[in-house]
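Asker: Model the following, please.
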Amino acid sequence: IRAANDAFADVFGVDREAIVGQRIDEVLSLPAGEQAGDTPPEAINERVREGEVTGAKVQRETAHGARTFLFRGIPYAENGSVRAFGIYTDVTEIERRERHVKVLDRLLRHNLRNDLGVVIGRAENVLDRADDPEIESEAAALVEAANGLIDLSDTAKRIRRIIEGPETERSTIGVASLFGTVAADAREQFPEATIRVEDDLDDFAVLATSDLRLALEELVENAIVHGADDPTVDLRAEPFEPAPGEWVDLLVVDDGPGIPEAERAAITGSRDITQLQHGSGLGLWLVRWAVESVGGDVSFERRDGHTVVRLRLRRATE
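Answerer: Predicted coordinates:
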């Protein structure tokens, strides 16, 4: 060790002056009963000596107990010798949160889904056998609520896939074909709804991934489920006028009551998420993250009594 900063001394509980001249592996120790991590110290040292930029996840004992670090070794030459900067970034809390998310995700996908299946089955049995209208109404409400929770679980699974394993390779997607597929699926699922696709879309194409279709499907379904008694949804596209050759706006327009302002503010980031204002569902979060993952943007507006959700995406050129 040639020098260490104050943060190193505080985290590892050492005197920064006293450790100068010591070997790093004599100053830092592995937690009791723990493995070295992804890469043992000897292998890290060897890579640095060979002049390689090195990154590894390691466990080390600190003044506050065992912690997990992302270690980065950055070599440089000095007077014919190989030196290196060693940077330790504490990622313990990130690791814990990731484990918690995985556990909760498994509970949602497996235990909750199975238990809700039982609830739905029992409630449907009550519906089939009940003669009392009030009991029928209660049982129907149970079925609806349980199905809603299953849909929520499915949406959470799709969101996790987008966040943890986003598609990074954008490709050219024709808007006419995309709208046509989304509209056809929605008409089959919701025959009572009217889904209209704007004509003359052949000139529009965007750079995106298959997650864009998920986002549009979510918006159309949301417009139908929360819309008027006989919902109408229009799918349109228009160039973004300040830069028509660079951006395209995909519009989902419906005749429903609109998305509550608090929910729109939370999704767009103009208001902090709080316990009372976090959005009633996950669908709009899926839309936001799917669009942002390809460099796009989401916005909401009311126009002539209609709700307009605008997805701004990079325009594909020949």
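Asker: next structured bit after the lengthiest strand in the chain?
Answerer: If each strand of the chain is counted by residues according to DSSP state E, the longest one is strand 65-78. Once the chain leaves strand 65-78, the next helix or strand it forms, by DSSP states H and E, is strand 81-90.
Asker: Relative to residue 289, how far out is residue 155?
Answerer: Per CB to CB, to the nearest Å, residue 155 is found 11 Å from residue 289. Where C-beta positions appear, they are placed from N, C-alpha and C, glycine not excepted.
Asker: My error: substitute residue 43 in the last question.
Answerer: Residue 43 is 37 Å from residue 289, by CB to CB.
Asker: what do you get for residue 45?
Answerer: Going from residue 45 to residue 289 by CB to CB gives 40 Å.
Asker: what do you get for residue 128?
Answerer: Per CB to CB, residue 128 is found 41 Å from residue 289.
Asker: So for the two, which residue has more residues nearby?
Answerer: The neighbour comparison of residue 128 against residue 289 (other CB atoms under 10 Å) goes to residue 289, with 18 against 9.
Asker: Reduced to three states, what does the more buried one come out as?
Answerer: Under DSSP: H, G, I helix; E, B strand; the rest coil, residue 289 falls in the helix class.
Asker: residue boundaries of the helices in the stretch 151-300 of the chain?
Answerer: Secondary structure of the stretch 151-300 of the chain (DSSP state H, counting those that start in this stretch): helices located at 175-189, 211-225, 261-268, 283-292.
Asker: what about those helices, which gets the closest to residue 66?
Answerer: Closest of these to residue 66 is helix 283-292, at 33.3 Å (criterion: CB to CB).
Asker: Report the inter-axis angle for the closest one versus helix 211-225.
Answerer: Computed with axes from the mean of the first three to the mean of the last three CA atoms, to 10 degrees, the direction of helix 283-292 lies at 150 degrees from that of helix 211-225.
Asker: Can you list the strands that the strand or helix carrying residue 313 pairs with?
Answerer: Here residue 313 sits within strand 306-314, counting by DSSP H and E. Strand 306-314 has its sheet partners listed here by DSSP bridges as strand 247-254 (antiparallel), strand 297-303 (antiparallel).
Asker: what about it, distance to the chain center?
Answerer: Relative to its parent chain, strand 306-314 has a centroid offset of 20 Å by CA atoms, centre = their mean, to the nearest Å.
Asker: thinking again about what came up before, which of the helices of the stretch 151-300 of the chain has the lowest average pLDDT?
Answerer: Across these, helix 261-268 has the smallest mean pLDDT, namely a mean of 63.
Asker: Secondary structure class of the nearest residue to residue 3 once chain neighbours are set aside, three-state.
Answerer: Spatially, and ignoring its direct neighbours in sequence, residue 3 is nearest to residue 20 (6.7 Å; CB to CB, 6 or more residues apart in numbering). At residue 20 the chain is in coil, as set by three-state DSSP.
Asker: which residues of the stretch 101-250 of the chain fall in strands?
Answerer: 171-174, 194-197, 205-208, 232-239, 247-254 (DSSP state E, counting those that start in this stretch).
Asker: Centre of the chain to the fourth one, how far?
Answerer: Meaning strand 232-239. Between the centre of strand 232-239 and the centre of its chain there are 26 Å (CA atoms, centre = their mean).
Asker: For the residue nearest to residue 53 when sequence neighbours are not counted, give its distance to residue 81.
Answerer: Residue nearest to residue 53 in three dimensions, not counting chain neighbours: residue 74, with 5.8 Å by CB to CB, 6+ apart. To residue 81, residue 74 is 15 Å away according to CB to CB.
Asker: rewinding a little: want to try CSV for the strands of the stretch 101-250 of the chain, with mean neighbour count as columns?
Answerer: Below are the strands of the stretch 101-250 of the chain laid out as CSV (neighbours: other CB atoms under 10 Å):
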stretch, mean neighbour count
strand 171-174, 14
strand 194-197, 16
strand 205-208, 23
strand 232-239, 19
strand 247-254, 22
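Asker: returning to what we had before: how close does the residue nearest to residue 53 get to residue 212?
Answerer: 39 Å.
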